[in-house]
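>>> Sequence and predicted structure, then a few things I'm wondering about:
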Amino acid sequence: FAACDPMLSPPDPSPAPWQGIEDTVNWDIVVHNSSADTVYAVTTDPDGNVYVVGRGRYLSSTLGHYEWWLKKYDAAGREIRAGWDKQLYFSGTLNDTPTAVAIDGEGNVVVGGYYTDSHNLPHCVVRKYNPDGTELLAVNLSSYQLLLADMAIGDDGAIYLAGSTLSVPTAGIFLKLNAAGEEVWSKTISVNGVNRNIQATALALDGAGNVVIGGYGIDLVGDPSGYDSWFQVYSPDGMLLREVRFSARIASFDPTSCYTNDRLYDITVDADGNIYTVGCGYGIALVVTQIDEHTSAATACDCDAGWLNKFSPTGQRLDQKVFLTRDGNDVEFRSIVPDGRGGVFISGRDCAANNASGRFWIIRRLDGELNEIWGANFEVNQGASTVVGEGLALDRSGALFAISNAHDIHSADSGLDWWIKKFY
């Protein structure tokens, strides 16, 4: 699944000018709760508070199973523990995983994810809390066996959920709940008339309240073509308005000798209704941009290139940008949000296995023409294979909050930790 694209507190109409400065005084926060801390999603509320959700072990149980945690920070980076620092323990298995957090129109906090039972079957879970941390809603959607990937909240408080089944072949599932947590409708996603081997990984809302859902599947634009990406647009009542299937491959080649293996990880919509998607894929033969100072090279079948695609509101592809790093090695982009100024922020990782200086957490800002206008790389310890830029969120001033995971950032042997940064 992808890290979520949660509903964002909308930026002010005229956000502060972007300076590209990191707030290292209040917001370079490293968290170590256990030996296996993982952060999955971040969002902000209209008062500037920041909510972060993830999982860890040995939090409220001594059995070592994964548990959810939900943390709240004020605008100055101080953790609010009264009513918060929540730890949710569902199943007694190793796979309790929260994947999304969002704010509804009343300032309530909605968190979603899943747990697996003793038969390894997933159960989707949604919880809602008021700003003081009092639980308002508890929903367990056991019948769908849904590995929740993403969530969005409508203006009326409706909760949209997207993910995939654990069955083989996989199927994408899309649901709408009303503000009271009651199911309004559900769909098994069919792409190009096929509902097998479909992964639903990302969800966003446009300005009209339509729902944009995306992911990837097998042989959607050719046969064989490996994994291809897709997105669909639905009205709030569940009517399919349009479908787009695409490959990020730029140069053509024999698909039988090198599959593209595109994987769409996140999706967002700007104020003009343009749709942006990010992900990665093999076999993207023309490199446009390199991530760092190392020489970039064209990718072959054995490495991933990160990509960003921009589509018009009607689904026409307007532009594409492809990224490699470290002498042509792998890049994955996992998260994207509008920057409130006509462009986007994207985040991911340099996941090359053979570079000499460890792995990088990558954050970039691009304008509406996909020109890079700001960027930052954060290096972690050599061999930190799990470094991932997991999520992004803006506050109302247009400041950016970014979260990531990596090994041993708290101390030399702290295991898997997470951190959150702020830029303005």
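Good, I have the coordinates.
>>> Tell me the spacing between Gly181 and Val139.
According to Cβ to Cβ, to the nearest Å, Gly181 and Val139 sit 4 Å apart. Backbone N, C-alpha and C define where each C-beta goes, glycine included.
>>> shared neighbours of these two, anything?
Taking Cβ atoms under 8 Å, 6 or more residues apart in numbering as the contact rule, Gly181 and Val139 both touch Val126.
>>> Might one say that Arg57 is in contact with Glu67?
Yes. Contact criterion Cβ atoms under 8 Å: Arg57 and Glu67 qualify, at 7.2 Å.
>>> who's more crowded, the two?
Glu67 (23 against 20; other Cβ atoms under 10 Å).
>>> Which residues belonging to stretch 23-32 are considered buried?
Going by neighbour count (16 or more other Cβ atoms under 10 Å), the buried part of stretch 23-32 is 27, 29, 31-32.
>>> Which ones among those map onto strands?
29, 31 (DSSP state E).
>>> Which of the buried residues of stretch 23-32 sits closest to Leu416?
Of all the buried residues of stretch 23-32, Leu416 sits closest to His32, with 9.0 Å by Cβ to Cβ.
>>> separation between the closest one and Ser404?
Distance of His32 to Ser404, computed by Cβ to Cβ: 14 Å.
>>> okay, now Gly375: neighbour count?
For Gly375, using other Cβ under 10 Å, the count is 16.
>>> Can you name the residues bridging to it?
Counting by DSSP bridges, Gly375 forms beta bridges with Arg364.
>>> Check Leu141 too.
The partner list for Leu141 in beta bridges (DSSP bridges) reads Cys124.
>>> For burial, what's the neighbour tally of it?
22.
>>> What of the one 5 residues further on?
The local packing count at Leu146 equals 27, with neighbours defined by other Cβ under 10 Å.
>>> Next, it: phi, psi?
Taking degrees, to the nearest 10, you get phi -100, psi 120 for the backbone angles of Leu146.
>>> Report the lowest-confidence entry in the buried residues of stretch 23-32.
The lowest pLDDT within the buried residues of stretch 23-32 belongs to His32, with 74.
>>> Verify the stated contact: that residue with Asp417.
Yes. Here His32 reaches Asp417: they are 4.9 Å apart, a contact under Cβ under 8 Å.
>>> any idea of the pLDDT on Thr165?
Per-residue pLDDT puts Thr165 at 88.
>>> and it, how far is that from Asn377?
Applying Cβ to Cβ, the value for Thr165 to Asn377 is 36 Å.
>>> what do you get for Phe423?
Distance from Phe423 to Asn377, by Cβ to Cβ: 13 Å.
>>> try Arg196
For Arg196, the distance to Asn377 - Cβ to Cβ - is 39 Å.
>>> re the thing from before, looking at Thr165 and Asn377 now, which is surrounded by more residues?
Of the pair Thr165 and Asn377, Thr165 is the one with more neighbours under other Cβ under 10 Å, namely 20 against 16.
>>> picking up where we left off before, what residues do Phe423 and Asn377 have in common as contacts?
Ile363.
>>> Can you verify my assumption that Leu136 contacts Val109?
No. Counting by Cβ under 8 Å, Leu136 stays clear of Val109, with 9.3 Å between them.
>>> which residues do the two both contact?
128-130.
>>> Scan these and report the most crowded one.
Neighbour max across the shared contacts of Leu136 and Val109 (other Cβ under 10 Å) = Lys128, 24 neighbours.
>>> For burial, what's the neighbour tally of Leu400?
Count around Leu400 with other Cβ under 10 Å applied: 23.
>>> For it, give its distance to Gly54.
From Leu400 over to Gly54 the distance is 19 Å, taken as Cβ to Cβ.
>>> ok so, going back, more crowded one of Leu136 and Val109?
Neighbour comparison, Leu136 and Val109: the larger count goes to Val109, with 24 against 16 (by other Cβ under 10 Å).
>>> Mind listing the residues bridging to that one?
Ile103, Tyr129.
>>> ok, it - contacts?
By Cβ under 8 Å, 6+ apart, Val109 lies in contact with 45, 51, 70, 72, 101-103, 128-131.
>>> Any quick PyMOL command for the buried ones out of those residues?
Buried residues among those (16+ other Cβ under 10 Å), as a PyMOL selection:
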select buried, resi 45+51+70+72+101+102+103+128+129+131
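>>> Start and end of stretch 117-126, how far apart?
16 Å (Cα to Cα, to the nearest Å).
>>> can you list contacts of it?
The contact list for stretch 117-126 (Cβ under 8 Å, 6+ apart) reads 90-93, 95, 110-116, 137-142, 144-148, 151, 159, 161, 163, 165-166, 177, 181.
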